[in-house]
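Engineer: quick one: sequence and predicted model below, then my questions.
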Amino acid sequence: MAKGYSDVLIGLQYGDEGKARVIDAIADNYDIIARFNGGPNAGHTIHGKKGKLVLHQVPSGVFYPKKLLYVGSGCVINLEKLFSEIQAIQKLGARLEGRLQISDQISIIQPHHILIDERIGQIIGTTKNGIGPAYADKALRMDKERILNIRLGDILNEEKFFFEAIEKNCKKTFQEYGIPLNTVDVMMKNYKKAFLFIKPYIQTDSLYLNKLVENGKKILFEGAQSFMLDVTKGVIPYVTSSNTMAGSAYVGGDLSPKYHRKTIGVAKVIMSRVGNGPFVSEFGENSEKYCMENGGKAHTREKESNADISSLLSSDDPFEIGKALRILGDEYGSTTGRPRRIGMLDLVQLRYAVMSNGVDELWINKCDLLTDFIRTKSTSIPIITKYQLNKKTVDYVPSSNTLSRQIVPTIEHVQGFSQDLSEIRQFKALPKPLIAFVKMIEKHTGCRIFGIGIGSKREEYLLR
Ligand code: IMP
């Protein structure tokens, strides 16, 4: 029997549930923090002693000097962005030598993937990081004689051959889009420079994590993008390109599933979504169009910052209430800066996520934002408790865009409260309506809530 084990932590909604904060709170219990999916589309904000850092490709846990950080083969990687990210981390005083390990089986995001994503990703509202095209090429493998799926280990073994392959892919796409080829040389030079920098971090032993767990190490897998954006389970096509579910940690994370111990799910009590796609609990019919106007650039944090919060909250228009909550909760994309669409807590969706991923332990964030509902006309907190589809009750989120948009939700209102939560450190001391709210979530999801986020500071977590 191995002495070590692994836990998996994922977001249960549409991303940005505050996963990195939870990891920060529990990281001390683990030896290794590992990623298994996605790439630089992720944005995990963490606060270190020397300042705030948004991590895109390096696992959370950078500010715990003794933790190993592992990037699994299920991710895709942008070498130039990783180069800059490592430098930014080092500037904040954290060392990564010997701590950061990147699987040599990871597929690289090539320059032409980013170009293609910029051209074709608008309707989905992708982060334009080349994620979809990179995963597509991974599955496609070859196009006649051209090699499309290129991995870190390939370059490590046959540098010259695979750099030429990257250049060929790049030139082919440039020609297809009518882009002059004169920038390709500089692009390749930068690419090679980034590879040389990353080289010492490449891990060639694909049993690396298995061996560590056999020797007693404890791993926390950190999901990126969240359950509702899963490429198979989410509402197609408004999803990311990787499997985000808890089970996929044991494919993309390079570890045998026999070491699994428990699954931790993270949710927010005020939901958010970036990019296009159905969002049953969204505040206001116009919210999707408004937030995605001009690719999400029309209504940035700066542009919304002068709004009159009190009049937005007391409006009859749910869209305005959502806008106020976005400003109060600082809900703007950490990778793209786009305004996040805001919605009420959807208990049908949350139960579906808990069941689909076998969540053992639930953490809920942003409970402090619930105090703002007392300033709305109803003074109560709206929550979705039931779905009707074609006049029948359903307990899952359909994966079709058309059907998802036809869902008629039942909205219940629970008692609001105004008490400031920031000084509270014990569950029992929480306002009674919040305790009732927590219990209602537990009843609907069948899952115990472990952590309750009551503010953005490190200590503003209540553990049960
Ligand atoms: P892609 O992953 O860049 O292809 O984008 C596909 C969809 O996933 C878009 O709606 C993005 O806004 C969304 N998305 C990708 N990464 C994240 C994330 O880390 N948080 C929230 N949404 C994300």
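Structural biologist: That came through fine. Residues are numbered from 1 along each chain as shown.
Engineer: which stretches of the stretch 251-400 of the chain form strands?
Structural biologist: For the stretch 251-400 of the chain, strands defined by DSSP state E, counting those that start in this stretch occupy the ranges 260-268, 270-273, 341-346, 361-365, 380-389, 392-394.
Engineer: ok, which of those strands comes nearest residue 445?
Structural biologist: Closest to residue 445 of these, according to CB to CB: strand 361-365, at 6.6 Å. Using the backbone N, CA and C atoms, a C-beta is placed for each residue, glycine as well.
Engineer: residues of the stretch 201-350 of the chain that sit close to the ligand?
Structural biologist: Listed as neighbours of the ligand in the stretch 201-350 of the chain under the rule CB under 6 Å from any ligand atom: 224, 225, 229, 240, 241, 274, 275.
Engineer: ok, the fifth one touching residue 229?
Structural biologist: Translated: residue 241. No. Using CB atoms under 8 Å, residue 241 is not in contact with residue 229, being 9.4 Å away.
Engineer: any weak-confidence spans in this protein?
Structural biologist: Applying pLDDT under 70 to the chain flags the ranges 1-2, 48.
Engineer: could you state which residue of it sits nearest its centroid?
Structural biologist: The centre of the chain sits closest to residue 225, judged by CA atoms, centre = their mean, with a distance of 2.9 Å.
Engineer: give the contact list for it.
Structural biologist: Going by CB atoms under 8 Å, 6 or more residues apart in numbering, residue 225 touches 11, 15, 37, 38, 41, 42, 240, 242, 244.
Engineer: what's the closest non-adjacent residue to residue 437?
Structural biologist: Leaving out its chain neighbours, the residue that sits closest to residue 437 by CB to CB, 6 or more residues apart in numbering is residue 414, at 5.8 Å.
Engineer: burial measure for the residue of the chain found nearest the ligand, as a count.
Structural biologist: Residue nearest to the ligand within the chain: residue 275 (2.1 Å; CB to the nearest ligand atom). By other CB atoms under 10 Å, the residues close to residue 275 number 26.
Engineer: that one touches residue 125, doesn't it?
Structural biologist: Yes. Between residue 275 and residue 125 there is a contact under CB under 8 Å: 3.3 Å.
Engineer: helices of the stretch 101-250 of the chain, start to end?
Structural biologist: 111-120, 131-140, 152-157, 159-176, 184-198, 208-214, 249-252 (DSSP state H, counting those that start in this stretch).
Engineer: make a markdown table out of those helices and add mean neighbour count.
Structural biologist: Listed next are the helices of the stretch 101-250 of the chain as a markdown table, based on neighbours: other CB atoms under 10 Å:
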| stretch | mean neighbour count |
| --- | --- |
| helix 111-120 | 20 |
| helix 131-140 | 21 |
| helix 152-157 | 19 |
| helix 159-176 | 16 |
| helix 184-198 | 15 |
| helix 208-214 | 19 |
| helix 249-252 | 23 |
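Engineer: columns distance to residue 359 on top of the ones you listed, output as a markdown table?
Structural biologist: Output for the helices of the stretch 101-250 of the chain, formatted as a markdown table (distance: least, CB to CB, whole Å):
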| stretch | distance to residue 359 |
| --- | --- |
| helix 111-120 | 31 |
| helix 131-140 | 25 |
| helix 152-157 | 32 |
| helix 159-176 | 40 |
| helix 184-198 | 34 |
| helix 208-214 | 22 |
| helix 249-252 | 13 |
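Engineer: can you give me the helices in the stretch 351-464 of the chain?
Structural biologist: Using DSSP H, counting those that start in this stretch, helices in the stretch 351-464 of the chain cover 401-405, 432-445.
Engineer: among those helices, which is the most enclosed?
Structural biologist: Stretch with highest mean neighbour count among the helices of the stretch 351-464 of the chain: helix 432-445 (a mean of 17; mean count of other CB atoms under 10 Å).
Engineer: what angle separates that one from strand 380-389?
Structural biologist: 20 degrees (axes from the mean of the first three to the mean of the last three CA atoms, to 10 degrees).
Engineer: could you say what helices and strands helix 432-445 packs with?
Structural biologist: Judged by 3 or more CB pairs under 8 Å, 6 or more residues apart in numbering; DSSP states H and E, helix 432-445 is in contact with helix 347-357, strand 361-365, strand 380-389, strand 408-415, strand 449-453.
Engineer: deepest-packed of those, please.
Structural biologist: The most buried one of those (mean count of other CB under 10 Å) is strand 361-365, showing a mean of 24.
Engineer: okay, the angle between that one and strand 449-453?
Structural biologist: 20 degrees.
Engineer: now do strand 361-365 and strand 341-346, the angle between them.
Structural biologist: Using the same axes, to 10 degrees: strand 361-365 against strand 341-346 is 130 degrees.
Engineer: what packs against strand 361-365?
Structural biologist: helix 19-26, strand 260-268, helix 432-445, strand 449-453.
Engineer: how about 10 Å then?
Structural biologist: Judged by 3 or more CB pairs under 10 Å, 6 or more residues apart in numbering; DSSP states H and E, strand 361-365 is in contact with strand 5-11, helix 19-26, strand 260-268, helix 347-357, helix 432-445, strand 449-453, strand 461-463.
Engineer: between the ones you listed, which gets nearest to residue 121?
Structural biologist: Residue 121 lies closest to strand 5-11 among these, at 21.0 Å (CB to CB).
Engineer: make TSV from the helices and strands packed on helix 432-445 and add distance to residue 141 to it.
Structural biologist: Listed next are the helices and strands packed on helix 432-445 as TSV, based on distance: least, CB to CB, whole Å:
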stretch	distance to residue 141
helix 347-357	30
strand 361-365	39
strand 380-389	39
strand 408-415	43
strand 449-453	42
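Engineer: looking at those, which is closest to residue 333?
Structural biologist: Nearest to residue 333, of all those, is strand 361-365, at 16.6 Å by CB to CB.
Engineer: partner strands of the closest one and their direction?
Structural biologist: strand 260-268 (parallel), strand 449-453 (parallel) (DSSP bridges).
Engineer: between those strands, which one is closest to residue 98.
Structural biologist: Nearest of the strands paired with strand 361-365 (CB to CB): strand 260-268, 26.4 Å.
Engineer: what comes up buried for that closest one?
Structural biologist: Buried residues in strand 260-268, counted by 16 or more other CB atoms under 10 Å: 260, 263, 264, 265, 266, 267, 268.
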